[in-house]
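Trainee: Provide a 3D model corresponding to the input given below.
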Amino acid sequence: MFNNLSERLDKIFRNLKGVGFLTEQNIRDSLREIRLALLEADVNFKIVKNFVAEIEKRALGQEVLKSLTPGQQVIKIVHEQLIKLMDTGGFELKVYDNKLTKVMLVGLQGSGKTTACAKLASFYRKKKIRPMLVACDIYRPAAIHQLQVLGKQIDIPVVVPDSVVPAQPGSPNAAGIGGGPGTRPVLQQSTDTVLEIAAQALREAEKDFTNLLIFDTAGRLHIDTDMMNEVERLKALVKPDYIFFVADAMTGQEAVNVAKEFYDKLAFDAVILTKLDGDARGGAALSIRAATDRPVAFVGLGEKVSDLEVFYPDRMASRILGMGDVLTLIEKAEEAFDEKEAEKLAKKMQKNQFTFNDFLHQLQSIKKMGPLDGILKMIPGLGSKLPKDFELDGNALKHVEAIIRSMTEKEREKPDIINGARRLRIAKGSGRSVTEVNRLLRQFEDMKKMMKKMSSGKMPKGMPTNLPF
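Mentor: Below is the predicted model of the structure:
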């Protein structure tokens, strides 16, 4: 999302290289470019004005450290101001083992509330919390069914209204998600129904010893008085511990305007910013905290239920400035890789016993971490050097996996036995060419040699440059 902004800022800082010291003129020239970069990124103009004024004040009133170039000095100031702009104030959604925490998600239609509910539930279930989802959106076609599908996918219970009547095949209400029959519930559309569902959920949560109850509310327009009144009544009944406003990052400045309207009515606690992996310019992420005085707590970075991250201002600022994000990279790796398995693998590498089965397992773990291009951009010093339109071929890993899965168990354990006839069979079985099979076998041998040297403490002189990922 921040590619354009990162590229512009990187160009500004590169232009400062070679300047012996900071002057009022080169500072103001840089600030003019920073101002334009932020405005182009769809950041609110008032916020840009205050942001740039603060940087100017600090830059002009601060001695340049002898060890820093002017470019580095400006980067340091901009980085600190970005963190301050997005500061969460230490906000945290606290959930306890011995009490029920109630959370409401509100926002516009299409902002991704239903998926965000499932993501939030999945996120806290990993922390040994017992979540439950509540379907309070009785207006959008198939909304209840969507939440049920997501709940079943992550094995989390979903409270649905008792008045759900399965649609009959061929009836006007028979089309649900994917257009299949019998998936869209028929409900009496009224606020009373929503309140009944909420009351039912509170009763069931108490019986089930649930720790976290997440209410999925109907999407609404901020100018829709009736719908806003409904969510206010729901808030009065549920008495939620937290209210999250779900904002679609793709809507730009409109997300900020809508957030203000919702805050005036509901005084929500924090924001969940969805679709941050899209190609929008990112202004909402930078503006919403300053405009509403409410922090961004979580960000959605993909369509999978696992694609939810806690929002850290310092990490986001580093990503924007192309400095990488080592901490998030480490957290992703810890989630994807099992520590005991890693120890076993290290021993096998030392003994040169690394097999294609081990390789396949590692590929699957890497895929859990997310898109490879996104992972590379988290590496300090590398993110800012990648081209603007950089994107790794996601099919490359699939092709490698297909080739490995076309091998027999014996071939995976002992690749040396793969002769010409076996290579031809593997190629046909995987739908790839014999040339690709040969290339993978060569790359695998190169990688084994490199791993053996690294595990023994000897860094190889020449790193393989033609690895399959």
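Trainee: so where do the strands sit in the protein?
Mentor: 101-107, 131-136, 158-159, 212-217, 242-248, 270-274, 296-300, 308-310 (DSSP state E).
Trainee: closest to Gly420 out of the ones you listed?
Mentor: Nearest of the strands of the chain to Gly420, taken as C-beta to C-beta: strand 308-310 at 47.8 Å. C-beta here means a position set from N, CA and C on the backbone, and glycine is covered the same way.
Trainee: which residue ranges form the helices in the stretch 151-300 of the chain?
Mentor: Using DSSP state H, counting those that start in this stretch, the helices found in the stretch 151-300 of the chain span residues 191-208, 225-238, 253-266, 283-292.
Trainee: contacting residues around the first one?
Mentor: I take that to be helix 191-208. With contact meaning C-beta atoms under 8 Å, 6 or more residues apart in numbering, helix 191-208 is reached by 100, 130, 132, 134-136, 138, 157, 159-163, 187, 210, 213, 215, 217-218, 229-230, 233-234, 237-238.
Trainee: try it again with 7 Å
Mentor: 100, 132, 134-136, 138, 159, 161-163, 187, 213, 215, 230, 233-234, 237-238 (C-beta atoms under 7 Å, 6 or more residues apart in numbering).
Trainee: next, the buried residues of it.
Mentor: By 16 or more other C-beta atoms under 10 Å, the buried positions in helix 191-208 come out as Thr193, Val194, Leu195, Glu196, Ile197, Ala198, Ala201, Leu202, Ala205.
Trainee: how about stretch 348-360?
Mentor: Using 16+ other C-beta under 10 Å as the test for burial, stretch 348-360 gives Met349, Phe354, Thr355, Phe356, Asp358, Phe359, Leu360.
Trainee: how about the fourth one: what's its closest non-neighbour residue?
Mentor: Of all residues not flanking Phe356 in the chain, Arg412 sits nearest, at 3.9 Å (C-beta to C-beta, 6 or more residues apart in numbering).
Trainee: on that earlier part again, including distance to Met447, could the buried residues of helix 191-208 go into TSV?
Mentor: Shown next, in TSV, are the buried residues of helix 191-208 (distance: C-beta to C-beta, whole Å):
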residue	distance to Met447
Thr193	59
Val194	57
Leu195	60
Glu196	60
Ile197	55
Ala198	55
Ala201	52
Leu202	55
Ala205	50
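Trainee: which of these lies closest to Lys265?
Mentor: The nearest member of those to Lys265, counting by C-beta to C-beta, is Val194 at 16.2 Å.
Trainee: and the gap between that closest one and Leu108?
Mentor: Here Val194 is placed at a distance of 17 Å from Leu108 (C-beta to C-beta, to the nearest Å).
Trainee: quick check: Val160 vs Val106, distance?
Mentor: 19 Å.
Trainee: looking at the two, which is more packed in?
Mentor: Under the criterion of other C-beta atoms under 10 Å, the comparison of Val160 against Val106 puts Val106 first, with 25 against 21.
Trainee: the closest residue to the more buried one other than its chain neighbours bridge partners, please.
Mentor: Leaving out its chain neighbours, the residue that sits closest to Val106 by C-beta to C-beta, 6+ apart is Thr217, at 5.3 Å. Applying DSSP bridges to Thr217 gives these bridge partners: Cys136.
Trainee: then Ala270?
Mentor: Phe244.
Trainee: for it, give me its contacts.
Mentor: Ala270 touches Phe91, Phe244, Arg294, Pro295, Ala297, counting by C-beta under 7 Å, 6+ apart.
Trainee: recalculate using a threshold of 8 Å.
Mentor: Thr88, Phe91, Leu93, Tyr242, Phe244, Phe245, Arg294, Pro295, Val296, Ala297.
Trainee: least confident pick among these?
Mentor: When those are compared on pLDDT, Thr88 comes out lowest, with 84.
Trainee: run a quick neighbour tally on that one.
Mentor: The burial count for Thr88: 18, using other C-beta under 10 Å.
Trainee: so who does it touch?
Mentor: So Thr88 contacts Ala270, Arg289, Pro295, Val296, Ala297, Phe311, Tyr312, Pro313 (C-beta under 8 Å, 6+ apart).
Trainee: for the record, mean pLDDT for stretch 425-440?
Mentor: For stretch 425-440, the per-residue pLDDT averages 92.
Trainee: what comes up buried for that stretch?
Mentor: Arg425, Ile426, Ala427, Ser430, Arg432, Glu436, Val437, Arg439, Leu440.
Trainee: can you list contacts of that stretch?
Mentor: Contacts for stretch 425-440 (C-beta under 8 Å, 6+ apart): 399-400, 402-407, 411, 418, 423-424, 466, 468.
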